[in-house]
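**Q** Quick check, what structure comes out for this input:
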Amino acid sequence: MGQFSQALKRRARLAGYAGGKTALYELIATLRPREVPVEIRFEGLPGEFSQHDFGQIEIRFRDGSTTRVHFFASRLKWSRWIEVTVVPNETAETLIRTLADHFVAFGGVPLCAVFDRPKTVALKWKKNGEITEWNPIFAYAALEIGFTAEVCWPYQPRQKGAVEELVKWVKGSFFKQRRFQDMDDLLAQLTQWLTEMNTERPSRATGIIPAVRREEERLRAPRVQPADLALRIPISVGPTAEVLHETHAYSMPPDAAGLPGTLYLYRDRVRIVAGRHEAVHERQYAHRAPSRLPEHRARIWPPSPARGPSATSNASICSRPVRRRCGI
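**A** Next up is the predicted model:
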């Protein structure tokens, strides 16, 4: 039993107790305070936290074909409002643009967005979890949208589990509970499921429909709308007055050749600024597809001068057998 029980046994003997130690120890056990583990659910305050993470799962359609589905899930901690979007990949741009869409669907931006530790958010960190290098594209986008970011510390299973549990819940509640005809059917069912989860069914965590509890969220309007959100990417204009981004060559004025600059990447367009020079292109998606503006092409490749008498004379000279006169 411990020193405390031994002391009680000695005092009982002095008081005249003549029974066995087993009975005494059983009596002591009934008097000990029971340690009941207390589970505390981390909720935060309305509008304070949201969770975000990528997930992926293998899906088998009804025709037997399979595909790997990547998705990005977001949830407001207070109201349990959830958004899930099927995405093509898990790049920094996909994270930022889908996050901006989810904030609009939330009805605003929370104070802090909590992430796992993907390279799309943090590049380097210490063993204690302190971030030493943020992904610059993500960091600038956070300033543009207007939210602070927090990442799960390593070796902290409770904190990390809160984010990972979101992906696990989406898989178990939606993807593993349904059968899909094809991708279009999956997307249609996902839309219907989100409507049901957010506006019809009470959350198991709160007992309240998320749409009702969301009215209490104190969210802020995003500083920039998704369509106007640009990612900042440092670039250098090449010797041929072109900027290469993701296999696509975008033209610049010839005088910009060799200058450093910034590429502003929008969903549908590209804006490049280098010194006093600026160009706006329609964004290219096809592999290696270039974009050259007519005004840039005209300055690099000027049209041939009109053919006059001198031109005819020179041409006739060059056509003669004696070619030295043409410098050939």
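**Q** List the contacts of Asp63.
**A** By C-beta atoms under 8 Å, 6 or more residues apart in numbering, Asp63 lies in contact with 181-182. C-beta: built from backbone N, CA, C; applies to glycine.
**Q** Same check on Lys126?
**A** Thr132.
**Q** Grab the nearest non-local neighbour of Leu244.
**A** In this structure, Leu244 finds its nearest non-sequential neighbour in Gly238, 6.7 Å apart by C-beta to C-beta, 6 or more residues apart in numbering.
**Q** My assumption is that that neighbour lies in a helix; please confirm.
**A** No. Using DSSP: H, G, I helix; E, B strand; the rest coil, the assignment for Gly238 is coil, not a helix.
**Q** Look up how far Lys171 lies from it.
**A** Noted for Gly238: a distance of 45 Å to Lys171, by C-beta to C-beta, to the nearest Å.
**Q** what does Val243 give?
**A** For Val243, the distance to Lys171 - C-beta to C-beta - is 41 Å.
**Q** Between these two, which has more neighbouring residues?
**A** Val243 (23 against 17; other C-beta atoms under 10 Å).
**Q** Name the SS class of the more buried one, please.
**A** strand.
**Q** What segments of the stretch 201-328 of the chain are helices?
**A** Ranges of helices in the stretch 201-328 of the chain, per DSSP state H, counting those that start in this stretch, are 210-214, 294-300, 309-318.
**Q** Show me what the shortest one packs onto, helices and strands only.
**A** When contacts are defined as 3 or more C-beta pairs under 8 Å, 6 or more residues apart in numbering; DSSP states H and E, helix 210-214 packs onto helix 183-199.
**Q** Residues contacting the helix it packs on, please?
**A** With C-beta under 8 Å, 6+ apart, helix 183-199 has contacts from 59, 67, 69, 81-84, 86, 173-174, 178, 180, 209-211, 214.
**Q** Which of these fall in helices?
**A** Mapping these onto helices (DSSP state H) picks out 173, 210-211, 214.
**Q** ok, of those, which come out buried?
**A** 210, 214 (16 or more other C-beta atoms under 10 Å).
**Q** worst-scoring helix or strand of this structure, pLDDT-wise?
**A** For the chain, scoring each helix and strand by mean pLDDT, DSSP states H and E identifies helix 309-318 as the least confident one, at a mean of 42.
**Q** who touches Leu45 in this structure?
**A** Counting by C-beta under 8 Å, 6+ apart, Leu45 has contacts 78, 218.
**Q** gap between the residue nearest to Leu244 and Ala257?
**A** For Gly238 relative to Ala257 (C-beta to C-beta), the value is 7 Å.
**Q** In terms of neighbours, single out the busier of those two.
**A** More crowded of Gly238 and Ala257, by other C-beta under 10 Å: Ala257, with 17 against 14.
**Q** Is it correct that the more buried one is in contact with Val243?
**A** No. Here Ala257 lies out of contact with Val243, judged by C-beta atoms under 8 Å, at a distance of 10.4 Å.
**Q** hey, what's in contact with both of these two?
**A** Val237.
**Q** Now the spatially most central residue of the chain: phi and psi?
**A** Nearest residue to the geometric centre of the chain (C-alpha atoms, centre = their mean): Leu95, 2.1 Å. Here is the backbone geometry of Leu95 (degrees, to the nearest 10): phi -60, psi -50.
**Q** got it, and Gly55?
**A** Taking degrees, to the nearest 10 as the convention, Gly55 sits at phi -150, psi 160.
**Q** which ones are touching it?
**A** Contacts for Gly55 (C-beta under 8 Å, 6+ apart) come out as 70-73, 167, 170-171.
**Q** Looking at those, which are in helices?
**A** Those of these lying in helices (DSSP H): 167, 170-171.
**Q** Return the member of these nearest to Trp134.
**A** Nearest to Trp134 among the ones in helices among the contacts of Gly55: Val167, at 22.4 Å, using C-beta to C-beta.
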